[in-house]
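> need a 3D model of the following:
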Amino acid sequence: MATTPPGKIYLHEQLADFVRGLIEDGTFRPGDRVPSLRGIAGRFSVSLATATRAYEALEQRGWIEARPQSGFYVRTPHALDLEPPARGETPGYPERVDVQGLTRGLIAHDDAGEAVTLSLALPADELIPSKGLGRAISRAVRREPALAARYTFPPGLEQLRRRIAGQAVDAGCRVHPDDVLVTTGCSEALTIALSAVARPGEVVAVESPTFFKILTMIEALGMRALELPTDPIDGVDVAALERAFASGTAQAALLIPSFNNPLGSCMPESQRAAVADLAARYRVPVIEDDIYGDLYFGERRPPLLRAFDTSGWVLTASSFSKTIAPGYRIGWLLPGRFYERALHHQHAYTLGTSAVTQMGMTDFLASRSFPHHLRGLRRTYRGQVERMRYAIARAFPGGTRVSRPSGGFVLWVELPGDVDGTTIYQAALAEGIRVAPGTLFSTGKAYDGYIRISCGGLWNDVLDDAIHRLGRIVAGALPNDGPGEPSHHRAPLETQ
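This next block holds a predicted model:
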């Protein structure tokens, strides 16, 4: 392993070669932050200009990338870049949903015993600001001990609704606290929204693939799903959505515009504006699940669909489950013109919720800890996603394709050949590794050859070993005449 650059005079090319060597020998891996310009200049007694030229050379050659207000990070080497997965085929007609049995089995396995869990999209315990939240709850209880012991009734604590409304400014929206319903997580927010806009037997347009919990909600409410073609980069096919609205086939839509789970797609602003326009023009409600919206990797947060809505036909649901703590079960719904209907359904479903968690969350959101936590979380998830992609590229057989999301922390993996995702799920489970089979994310069979992998856990040797074992399982499932070499033995692919 290299420890010092050669010679006494460190020209920018020599310095660039040295840093590249540290990347090649694994001292710095994809997603790792490399030393700052001032740090590397001071360490090797070169000028800041020389260090800058060295990093510019490494950036141009694809070894590192600059992140605004954060520094330089190792990126996946060009030769290991994988193509994004192909767009799935959709049936083109509404289907009855029947996935509850599969999802219950997945969750039951994830609750049972010790294993490497890559199946559920949850943050690692180390990423939850437990101490800060504990202090926030203690402060809130000391201030109002009587309130802390009570139920909180819809629409939720006003102080918390004010904080949620204030956050919407970053997403391009002007929201009044009275527009907000505080819910028991994002799942309840979505269930309330669906109940408010559609009836049993009606059709809800969804992306394909889509989050399996959305399908289970549609199933439980007695509705049907219409899967729409979805691009792995830009999201739902807007023309297909318009056909569904114009023909009267779909009575509502439920989309994940920002970092779709599992695909990772993020709709451009022009498409968001087009979707909001369709909702208003055809008077068809569109529910947006924005649970990953704050976990962007770029310079700014994607705007909400609601930011382009002028007539209240867009409903927005989200929660703090991915950004702060899933166990607190605090979500919210912006129901637009369906506020009264949504409030009615919330009274029927839940009525009283925990006051103490809402008080603690309000206090945490008001502290300086929250923005600092969120910035760090985005950096961590970006690094985790890049490391996981790097590990998959090295360990999985040739022909594997994987998403490259610009936010969130899940990866959608298209398996090579005719390998079946459910077969891989079962074989991996037997080895103590849990992944989510692609069949969960659709009403049909379009994604039998896929798996979803969560990057919520902090990277360590156990995860690295699990991915290499998973790669061997996939290779072992290939037919004898199929592609079997690990991905890093293939010819370099064009960067997508």
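
> correct me, but Val141 touches Thr357?
No - Val141 lies out of contact with Thr357 (CB atoms under 8 Å); the separation is 11.1 Å. All C-beta spots, glycine's among them, are computed from the backbone N, C-alpha and C.

> skipping adjacent residues, who's closest to the spatially most central residue of the chain in space?
Using CA atoms, centre = their mean, the residue of the chain that lies closest to the mean C-alpha position is Gly408, 2.7 Å off. Sequence neighbours aside, Phe259 is the residue nearest to Gly408 in space, at 3.6 Å (criterion: CB to CB, 6 or more residues apart in numbering).

> please apply the same query to Tyr296.
Spatial nearest neighbour of Tyr296, chain neighbours left out: Gly407 (4.2 Å); criterion: CB to CB, 6+ apart.

> ok, Arg38 next?
Among residues not flanking Arg38 along the chain, Leu48 sits closest, at 6.6 Å (CB to CB, 6+ apart).

> roughly how far apart are the one you found and Arg379?
Leu48 sits at a distance of 23 Å from Arg379 (criterion: CB to CB, to the nearest Å).

> who's more crowded, these two?
When neighbours are counted by other CB atoms under 10 Å, Leu48 and Arg379 differ, and Arg379 comes out ahead with 17 against 12.

> looking at this, the more buried one is in a strand?
No - counting by DSSP: H, G, I helix; E, B strand; the rest coil, Arg379 is not part of a strand but helix.

> A strand includes Ala253, no?
Yes - judged by three-state DSSP, Ala253 forms part of a strand.

> helix, strand, or coil at the spatially closest residue to it that is not a sequence neighbour?
Spatial nearest neighbour of Ala253, chain neighbours left out: Ala205 (4.1 Å); criterion: CB to CB, 6+ apart. Following three-state DSSP, we place Ala205 in the strand state.

> how about Ile233?
Taking three-state DSSP, the label given to Ile233 is coil.

> and it, how far from Leu48?
Look at Ile233 and Leu48: by CB to CB, they are 37 Å apart.

> could you list the low-confidence segments of the stretch 101-250 of the chain?
By pLDDT under 70, the weakly predicted segments of the stretch 101-250 of the chain are 101-114.

> can you pull the buried residues of the host helix or strand of Gly476?
Using DSSP states H and E, Gly476 falls within helix 461-477. Across helix 461-477, burial judged by 16 or more other CB atoms under 10 Å covers Leu463, Asp464, Ala466, Ile467, Arg469, Leu470, Gly471, Ile473, Val474, Ala475, Ala477.

> which strands and helices sit next to that helix?
strand 116-117, helix 369-395, helix 421-430, strand 433-434 (3 or more CB pairs under 8 Å, 6 or more residues apart in numbering; DSSP states H and E).

> okay if I get the ones you listed as a markdown table plus distance to Val97?
Listed next are those as a markdown table, based on distance: least, CB to CB, whole Å:
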| stretch | distance to Val97 |
| --- | --- |
| strand 116-117 | 25 |
| helix 369-395 | 29 |
| helix 421-430 | 18 |
| strand 433-434 | 23 |
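
> among these, which is nearest Ser442?
Nearest to Ser442 among those is helix 421-430 (11.0 Å), distances taken as CB to CB.

> who does that closest one touch, helix- and strand-wise?
Using 3+ CB pairs under 8 Å, 6+ apart: helix 421-430 touches strand 436-437, strand 450-454, helix 461-477.

> neighbouring contacts of that helix?
Helix 421-430 is contacted from outside by 109, 115, 415, 434-439, 447-451, 469-470, 473-474, 476-477, using CB atoms under 8 Å, 6 or more residues apart in numbering.

> now the buried members of those residues.
The neighbour count (16+ other CB under 10 Å) marks 109, 115, 415, 434-439, 447-451, 469-470, 473-474, 477 as buried among these.

> quick one: contacts for the closest residue in space to Ser442 that isn't next to it in sequence?
Leaving aside its chain neighbours, Ser442 sits nearest to Pro209 (5.4 Å; criterion: CB to CB, 6+ apart). By CB under 8 Å, 6+ apart, the residues touching Pro209 are Gly88, Thr230, Pro262, Leu263, Trp412, Gly438, Phe441, Ser442, Ala446, Tyr447, Tyr450.

> so which of these would you say is closest to Ala57?
Nearest to Ala57 out of these is Trp412 (CB to CB; 33.4 Å).

> follow-up on the earlier one: dump the residue contacts of the residue nearest to Gly408.
Applying CB under 8 Å, 6+ apart to Phe259 gives the contacts Ser265, Cys266, Tyr292, Gly293, Leu295, Tyr296, Pro405, Ser406, Gly407, Gly408.

> at 7 Å instead, please
Cys266, Tyr292, Leu295, Pro405, Gly407, Gly408 (CB atoms under 7 Å, 6 or more residues apart in numbering).

> all the helices of the stretch 1-150 of the chain, residue numbers only.
Applying DSSP state H, counting those that start in this stretch to the stretch 1-150 of the chain gives helices spanning 12-24, 37-43, 48-60, 100-110, 130-143, 145-148.

> how about the shortest one: buried residues?
Within helix 145-148, the residues that qualify as buried by neighbour count (16+ other CB under 10 Å) are Ala148.

> packing partners of that helix?
helix 355-366 (3 or more CB pairs under 7 Å, 6 or more residues apart in numbering; DSSP states H and E).

> off-centre distance for the helix it packs on?
Put simply, helix 355-366 sits 24 Å off its chain's centre (CA atoms, centre = their mean, to the nearest Å).

> got the angle for that helix vs helix 369-395?
90 degrees (axes from the mean of the first three to the mean of the last three CA atoms, to 10 degrees).

> and the angle from helix 355-366 to helix 130-143?
Going by the same axes, to 10 degrees, helix 355-366 makes 120 degrees with helix 130-143.

> next one: Arg378 from Met388, what distance?
From Arg378 across to Met388, the span is 16 Å (CB to CB).

> more neighbours, the two?
With neighbours defined as other CB under 10 Å, Arg378 and Met388 compare such that Met388 has more, 26 against 21.

> just flag the most distant two among the contacts of Phe259.
Pairwise over these, using CB to CB, the maximum falls at Cys266 and Leu295, 10.9 Å.

> now the common contact residues for the two.
With contacts defined as CB under 7 Å, 6+ apart, the residues adjacent to both Cys266 and Leu295 are Phe259, Gly407.

> returning to what we had before: surely the residue nearest to the centre of the chain touches Leu295?
Yes - using CB atoms under 7 Å, Gly408 is in contact with Leu295, at 5.3 Å.

> got the end-to-end distance for stretch 247-260?
End-to-end distance of stretch 247-260 (CA to CA, to the nearest Å): 26 Å.

> list the buried residues in it.
Neighbour-count burial for stretch 247-260, with 16+ other CB under 10 Å as criterion, is recorded at Ala250, Gln251, Ala252, Ala253, Leu254, Leu255, Ile256, Pro257, Ser258, Phe259, Asn260.
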